[in-house]
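# my questions concern the predicted model and sequence given below.
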Amino acid sequence: MSRSARHPLGGRRRYLRPERDRVARRRPPRQPRLRPKRFSVSAALEPPDASASRPNVRLRVTGLVVAGLFILLALRLWTLQVVQAPAAVQAVAANQIRVVPINPVRGLILDRSGSALVNNVVTEEITLSRVAAAQHPAVIGNLAALTGQTTAQIKAALNDPQYSPYKPVPVLTDAPVADVVKVREYPQLYPGVTAVQATQRNYPQSELPGFPGGNSAGYPASQVLGYTGAITSSELAALKGKGYQAGDTIGKSGLEAQYEQYLRGAPGQKQLEVDATGNVVGTLKTIPAQPGNDLVTHIDLGLQKAVDQALAQTILKDRKTFDPFCIIPGHPNGCYPPATAGAAVVMDPNTGAVLAMSSWPSYNPSIWVGGISQAAYSGLTASGAENNWAIQGLYTPGSTFKLATATAALQSGLITPSYLFNDTGTYTAANCTGPHCTLHDNVGDGSPGWMTVVRAITISSDDFFYHLGDLFWSNRSTYGLYPIQTMANAYGLGVKTGIDLPGESVGRIDSLAVRQTLHAEAPAAFPYDTWYTGDNMELAFGQGGTIVTPIEMATAYGTFANGGTRYVPHIAAGIVSPTGKVIKTIAPQVAGHVTISPANYQAILQGFEGVVGNPQGTGYYSFGGAGFPLSTFQLAGKTGTSSTNGQEATSWFVAFGPQPHPQYVVDCVIDQGGYGASAAAPVVRQIYNYLLAHPVGPLQLAAPTPAQATAPTAGGASGPPSTASTTPSTTTTAAGQGQG
């Protein structure tokens, strides 16, 4: 027995207590942890009753998870029923509504007085429903027999993806009245076949001589107007976002393509209701199409016809006229010129407005309406009639280029108007290296002898201009490498004019830099990359590697005629709405200037006047000698005869007048037509004969605004004053610099 502790109050007294009554001091038992510090495999394998349960924790976690799921479900339902409800309604509606475009009526193309060059005509079109064709296969054979087609052609039309699956497919355009009547009288034979009215392009003017061997006659300004056709997949991709659909009609060339955005109009649409199988059950809404705007041009219809006829008739006559001076190898005694093609341009030199533009061979754009036949297309491409040679033809200019050389020589101080040169008929350059050191006058040049620049232009003395080319090259340290090329560029030769037509080609003024560039690009085609004295001599009279377009030549002589202001040639005058409101006026645009002193201007002008008025002039017998009234309608002009690669000479003639205030510049080129005086000059004379009797009338568009009426005229430093009927824009750019 052990002793107990002392009593706290009893002092030293001690009480004995049994051993069993003593209470041992123990720590409270350890409670299980909610989260063990680490995972225990043995604990995981114990039976459920081996550890204490935690029901409250588990209920709380489960409740939170369930509540979260209900919240997410509620949010999703709210999104579907509230946020996405409009889109769902629209999607459901789209499943039962199909939108079919309605093509607009295309705008007209008019001449300057309002006469229609291109309009529209209402025709009957026979169509076939795809659904009806599937339900009644026999209708395909019946329709093929009626329209003169094969069943394969009808099926090809039905399978053509360019047509909407929800509208009838056109099977025959411009259908004959008999076919239309039969379709309407016998619906049991032609289920799903309907005859509807449609519009298509129409060309109301009389036809002209077309391309040889073709099955279509020509049409006034056919290449200028262009044609329309069904849009291609590449065009559709390029015009993505502009409202075009497969099967739409689009301008393919000429003015039709250039001013497509104005002529097209705004498409409409028809909303069709369809059932689950795609069959149309009704029309919900129709938005009518807006017709296109009309394009008013500067073209004078009467003048255009006169130009077309003069060019075509002269070319056909030239082919039957023997040329004793033919330069084709193997024909030393002469030949009949091939006269393969030609072009003529009439332009107002004071504004750049193109009054007429002709290219031959020609064709009638109506052959494209409804699809062109293979025979017509083959004839068109074989003859080159689709090309507009006035802006795409590249020809060696010959003596017409002497305008640039004479201006460069006078303005640079190389010569003066009184400078004398003895033309002996042959010119040999001193200290000449390389080819072409000795050159001869052309057979068509006038009598040799002492002459100034005036007589040299009048009789087209090649020797005089050989001499200028020699002088420029011999003194290149003073005048630079490219004085002639720079002046040619300033006149617009070898420079893209910017005319409002697609597909314009750009000429090239020969030079050392040009040769080096061409040789680097195509050594086989251009083997020479050098430049010698003889090359500069050839350049000076418009030969060698220089090539220009007829529109460039008209621009150059128009620039000289008005005193030195180069305008951008343009055909369109304005855009007018179907109600007659003027939407857009196309004002003249200045492209550059050529500075010519009064003395130098008069010297060159006298030379040009002598070409047609002086008996020694190269064009005299086509004008003054042919009875043209130069005393009342004075002209100035220049012949050009150029040879290329052993072919018959290319014939040029360009003239401007009446002097002293020119209103017209006319140029003509006939490819392989012979001498300028014998082929191209008669065309220009016939055109001026027409202008003499039928002056071009005022433009029927709208009166100029006060701002236009008071704008200052952009003119040259000297020369005749401007007589522009429309005030030009005052924004100008510097003349082109550098070589061609």
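Looks like it came in fine. These numbers come from a predicted model, not from an experiment.

# how close does the nearest residue to Thr396 once chain neighbours are set aside get to Ser206?
Distances taken as Cβ to Cβ, 6 or more residues apart in numbering place Ser642 nearest to Thr396, at 3.8 Å, with adjacent residues excluded. Placement of C-beta: from N, CA and C, glycine included. Separation of Ser642 from Ser206 (Cβ to Cβ, to the nearest Å): 35 Å.

# quick one: which of the two has more around it?
When Ser642 and Ser206 are compared for neighbours, Ser642 comes out ahead with 24 against 9, by other Cβ atoms under 10 Å.

# what pLDDT does the more buried one get?
Confidence at Ser642, expressed as pLDDT, is 91.

# next one: Ala67
85.

# could you do Thr726 as well?
38.

# equivalent analysis for Ser51, please.
59.

# let's number from 170 now, not from 1
Okay, using 170 as the starting number, the last item reads as Ser220.

# which residues sit in contact with the residue nearest to Phe710 when sequence neighbours are not counted?
Spatial nearest neighbour of Phe710, excluding adjacent residues (Cβ to Cβ, 6+ apart): Phe634 at 4.2 Å. When contacts are counted by Cβ atoms under 8 Å, 6 or more residues apart in numbering, Phe634 touches Lys571, Thr574, Ala575, Ala625, Met706, Ala709, Phe710.

# please save the CA atoms from the host helix or strand of the fifth one in CSV.
Put plainly, it is Met706. In this structure, Met706 sits in helix 702-709 according to DSSP states H and E. Output of helix 702-709 as CSV, limited to C-alpha atoms (Å, rounded to 0.1, in the frame of the first residue of the first chain):
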residue,chain,number,x,y,z
THR,A,702,25.1,56.5,-134.8
GLY,A,703,23.0,54.7,-137.5
ASP,A,704,20.5,53.6,-134.8
ASN,A,705,20.0,57.3,-133.8
MET,A,706,19.6,58.2,-137.4
GLU,A,707,16.9,55.6,-137.8
LEU,A,708,15.1,56.8,-134.7
ALA,A,709,15.1,60.3,-135.9
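
# same for that helix, what does it pack against?
With contacts taken as 3 or more Cβ pairs under 8 Å, 6 or more residues apart in numbering; DSSP states H and E, helix 702-709 sits against helix 571-581, strand 607-609, helix 631-643, helix 652-660.

# how does it look with 6 Å?
helix 631-643 (3 or more Cβ pairs under 6 Å, 6 or more residues apart in numbering; DSSP states H and E).

# list the buried ones in the helix or strand just after the helix it packs on?
Next along the chain after helix 631-643, taking DSSP H and E as the criterion, comes helix 645-648. Residues of helix 645-648 classed as buried: Tyr648 (neighbour count, 16 or more other Cβ atoms under 10 Å).

# from Ala709, how far off is Ile668?
In terms of Cβ to Cβ, Ile668 sits 28 Å off from Ala709.

# likewise for Pro617?
17 Å.

# using CSV, list the CA coordinates for stretch 511-530.
Extracted in CSV, the C-alpha atoms of stretch 511-530 (Å, rounded to 0.1, in the frame of the first residue of the first chain):
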residue,chain,number,x,y,z
GLY,A,511,-6.4,49.4,-140.2
ALA,A,512,-7.7,52.0,-137.7
ALA,A,513,-8.8,55.6,-137.7
VAL,A,514,-9.3,58.1,-134.8
VAL,A,515,-11.1,61.5,-134.8
MET,A,516,-10.4,63.5,-131.6
ASP,A,517,-11.0,67.0,-130.3
PRO,A,518,-7.5,68.3,-129.7
ASN,A,519,-8.8,70.8,-127.1
THR,A,520,-10.3,68.3,-124.7
GLY,A,521,-9.1,64.9,-125.7
ALA,A,522,-12.7,63.8,-126.5
VAL,A,523,-12.8,61.0,-129.0
LEU,A,524,-15.5,61.8,-131.6
ALA,A,525,-15.1,58.6,-133.6
MET,A,526,-12.9,55.5,-133.5
SER,A,527,-12.8,52.8,-136.1
SER,A,528,-11.0,49.5,-136.4
TRP,A,529,-11.2,47.1,-139.4
PRO,A,530,-11.9,44.3,-139.8
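
# got the domain ranges for this protein?
267-346+362-373+391-466, 470-871 (automatic domain parsing).

# give me the most central residue, this protein.
By Cα atoms, centre = their mean, the chain has its centre lying nearest to Pro671, at 2.5 Å.

# does the closest residue in space to it that isn't next to it in sequence sit in a helix, a strand or a coil?
The shortest distance from Pro671 to any non-neighbouring residue, by Cβ to Cβ, 6+ apart, is to Ala426 (5.3 Å). Following DSSP: H, G, I helix; E, B strand; the rest coil, the label given to Ala426 is helix.

# same question, Val523
Following three-state DSSP, Val523 is assigned to strand.

# now it: closest residue in space that isn't a chain neighbour?
Ile740 (4.7 Å).

# again, but for Thr627
Per Cβ to Cβ, 6+ apart, closest to Thr627 is Gly779, 3.3 Å.

# run a quick neighbour tally on the one you found.
Other residues close to Gly779 by other Cβ under 10 Å number 24.

# cool, and Ile744?
Neighbours around Ile744, by other Cβ under 10 Å: 22.

# go on, the one 5 residues further on?
When neighbours are defined as other Cβ under 10 Å, Gly749 has 8 of them.

# just Gly866 next, same as before
11.

# just the pLDDT at the closest residue to it other than its chain neighbours, thanks.
Once flanking residues are discounted, Gly866 sits nearest to Ser282: 6.1 Å by Cβ to Cβ, 6+ apart. Ser282 is assigned 95 on the pLDDT scale.
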